[in-house]
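Asker: Structure, please.
(one chain, ligands or ions: 2)
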Amino acid sequence: MMKTAIFGHRGYPAQFPENSLAGFSYALDHHVDGLEFDVQLTKDQIPVIMHDETLDRTSTGTGLLKNYTLAELRQFHLDRGEVIPTLTEFLTLVGQCDVQLNLEFKTNKVRYPGIERIVLATLRNFSLARPVIFSSFRLASLRACQLLAPDASYCWLTDHPVVNAAAFVANEHLSGLHLSHYQHAPVTERIWTVDDPQVACDLFERPVAGIFTDDFMNMMRLRDRLLL
Ligand code: G3P
Ligand code: MG
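Answerer: Numbers count the residues shown, from 1 in each chain. Ligands and ions are numbered 1, 2, ... in the order given. Got it, this is the predicted structure:
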């Protein structure tokens, strides 16, 4: 059976605040295959890692993230005293770890003009063990990034079936699709968010290239038992 890669979706939110350095650090220490994380820009154009466009659900702040400078954001905290990490802090933590990173441009609601160039410039300061996979629900973000880094790996995120998936992937110069449901398309597929063990087992057997899960420890145990 092909070994399906297991990605910590926003780190390890089953046990730590989502998209926090504490969760990412635990996942790296426990040899997670991959980490998925969401990138947005502060008012002073610093790339930071947070899922929602607003601060309210996961932090002590309120309103849109884009309206705060990094210094202002640092007044707020996530659960357990964590703060919203910058992309630089996260990449420093990752260092040379053998982990597959999936950077999601969170540009489907707030556009963040120039985010692709800023993210690529930040990434150039690091020498990661593996090239990053870029994803976004916003195809225009992937296209903008492709102009700057044509050889990088790009996956479009969608929760709808993709018609003629192979042709679509080829035409858009993608390396695959990140889908909310398995599609049995002749392309690289990674599926989010898989927390049900039965669904995971079905996907391990199909197989798919990867799954995104809120509980990577549970899913890695499950997969590795099946592979024995
Ligand atoms: O990349 C998979 C998944 O993270 C996409 O949805 O809303 O959790 O960013 P979301
Ligand atoms: Mg995401």
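
Asker: following whichever strand or helix holds residue 39, which helix or strand shows up next?
Answerer: Element membership for residue 39 (DSSP states H and E) is strand 34-41. Per DSSP H and E, the first helix or strand lying C-terminal to strand 34-41 is strand 47-49.

Asker: So which elements touch that following strand?
Answerer: Where contact means 3 or more Cβ pairs under 8 Å, 6 or more residues apart in numbering; DSSP states H and E, strand 47-49 is packed against strand 34-41, helix 87-94, helix 115-123. Placement of C-beta: from N, CA and C, glycine included.

Asker: most packed of these?
Answerer: Mean neighbour count, computed with mean count of other Cβ atoms under 10 Å, is highest for strand 34-41 among the helices and strands packed on strand 47-49, reaching a mean of 24.

Asker: between that one and helix 115-123, how many degrees?
Answerer: Using axes from the mean of the first three to the mean of the last three Cα atoms, to 10 degrees, the direction of strand 34-41 lies 120 degrees away from that of helix 115-123.

Asker: Return the list of strands paired to strand 34-41, each annotated with direction.
Answerer: Applying DSSP bridges, strand 34-41 is found paired with strand 5-9 (parallel), strand 47-49 (antiparallel), strand 100-105 (parallel).

Asker: now, of those, which is deepest in the fold?
Answerer: When you average the neighbours per residue for each of the strands paired with strand 34-41 (mean count of other Cβ under 10 Å), strand 5-9 leads with a mean of 27.

Asker: Quick one: mean pLDDT for stretch 90-103?
Answerer: For stretch 90-103, mean pLDDT is 98.

Asker: Quick check: mean pLDDT of the strand holding residue 39?
Answerer: pLDDT averaged over strand 34-41 gives 99.

Asker: Repeat that for stretch 209-225.
Answerer: Regarding stretch 209-225, the rounded mean pLDDT is 97.

Asker: Pull the distance from the strand holding residue 39 to the chain's centre.
Answerer: Remark: strand 34-41 is offset 4 Å from the chain centroid, using Cα atoms, centre = their mean, to the nearest Å.

Asker: Could you do stretch 105-115 as well?
Answerer: Distance of stretch 105-115 from its chain centroid, counting by Cα atoms, centre = their mean, is 14 Å.

Asker: what about that stretch, how long is it end to end?
Answerer: Taking Cα to Cα, to the nearest Å, stretch 105-115 runs 8 Å from one end to the other.

Asker: So residue 167, which state does it fall into?
Answerer: Per DSSP: H, G, I helix; E, B strand; the rest coil, the secondary structure class of residue 167 is helix.

Asker: can I get the CA coordinates of stretch 79-90 in PDB?
Answerer: Extracted in PDB, the C-alpha atoms of stretch 79-90 (Å, rounded to 0.1, in the frame of the first residue of the first chain):
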ATOM      1  CA  ASP A  79      -5.100  29.900  24.100                       C
ATOM      2  CA  ARG A  80      -2.300  28.900  26.500                       C
ATOM      3  CA  GLY A  81      -0.600  32.200  26.100                       C
ATOM      4  CA  GLU A  82       0.500  31.500  22.500                       C
ATOM      5  CA  VAL A  83       0.800  34.400  20.000                       C
ATOM      6  CA  ILE A  84       0.000  34.600  16.300                       C
ATOM      7  CA  PRO A  85       3.300  33.400  14.800                       C
ATOM      8  CA  THR A  86       5.100  35.200  11.900                       C
ATOM      9  CA  LEU A  87       6.100  33.100   8.900                       C
ATOM     10  CA  THR A  88       9.700  33.800   9.800                       C
ATOM     11  CA  GLU A  89       9.200  32.500  13.300                       C
ATOM     12  CA  PHE A  90       7.600  29.400  12.000                       C
END
